[in-house]
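Asker: structure for this input, please:
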Amino acid sequence: RRINRKRESDRNLRSKLQKKNTKSAKRRAKKHAGKEARRAKDINHKISKRIVAEAERTGRGIALETLTGIRERARLRKPQRVKIHSWPFAQLGSFIAYKAKQAGVPVVYVDPAYTSQECSQCHHTARGNRPSQAVFSCRVCGFVEHADHNASHNIRQRGWMAWVCGAQSTAPELTLIA
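Answerer: Residues are numbered from 1 along each chain as shown. Take a look at the predicted model:
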């Protein structure tokens, strides 16, 4: 919540400076944009470090969604779009991949298609399984769970199947520019 409040105040300041449209406002906005980018990078480093450390501690791998087209797929209202579109997801994925590689933790990328509509218990897939944004309720077996938890279980299962089928580490080779 604290991070989201800070990001909201950053957006408000950026908007105010853009409306002013003076030379000093543009200079200040550019300086502030650098701060925002560094803060997001720092947060992504912290998140990726925790994820990889937990996977290493438990002796498990990491399954990630293939995030290509996430901004086009997300159908949200404007305030939510702004929050999602302003976060560097690809950077987070690359941080997880390179830290996992250093730690010897396997990373598998899975197709996210229909993970939010598929039942993690009986694997029935239907649009009707999502009566609301937050609730998953299977029409066949009656399984009820938070929609995001159900989707994460499906990603985990797909990651396990990809691992078993031989895609041990599908993390792309990375060249990081500091």
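
Asker: so residue 42 is in which element?
Answerer: Taking DSSP states H and E as the criterion, residue 42 maps to helix 23-58.

Asker: state the mean pLDDT of that helix.
Answerer: Averaged across helix 23-58, pLDDT comes to 87.

Asker: figure out how far the helix or strand just after that helix is from the centre of its chain.
Answerer: Next along the chain after helix 23-58, taking DSSP H and E as the criterion, comes strand 62-65. Remark: strand 62-65 is offset 10 Å from the chain centroid, using C-alpha atoms, centre = their mean, to the nearest Å.

Asker: kindly report the same for stretch 137-154.
Answerer: Its chain's C-alpha centre and that of stretch 137-154 lie 19 Å apart, by C-alpha atoms, centre = their mean.

Asker: how about stretch 128-136?
Answerer: 20 Å.

Asker: in that stretch, what's buried?
Answerer: 129-130, 136 (16 or more other C-beta atoms under 10 Å). C-beta coordinates here come from the backbone N, C-alpha and C atoms, glycine included.

Asker: and those residues, which is closest to residue 54?
Answerer: For those, the residue nearest residue 54 by C-beta to C-beta is residue 136; the value is 24.2 Å.

Asker: tell me what that closest one is bridged to.
Answerer: Note on residue 136: beta-bridge partners residue 145, judged by DSSP bridges.

Asker: so it makes contact with residue 154?
Answerer: No - between residue 136 and residue 154 there is no contact under C-beta atoms under 8 Å: 10.0 Å.

Asker: quick one: low-confidence ranges for this protein?
Answerer: Across the chain, the ranges flagged by pLDDT under 70 are 67, 69-86, 167-178.

Asker: just the helices in the chain please.
Answerer: Along the chain, counting by DSSP state H, helices occupy 2-20, 23-58, 70-73, 78-85, 89-103, 147-164.

Asker: TSV please, covering those and showing mean neighbour count.
Answerer: Shown next, in TSV, are those (neighbours: other C-beta atoms under 10 Å):
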stretch	mean neighbour count
helix 2-20	12
helix 23-58	13
helix 70-73	11
helix 78-85	11
helix 89-103	18
helix 147-164	17
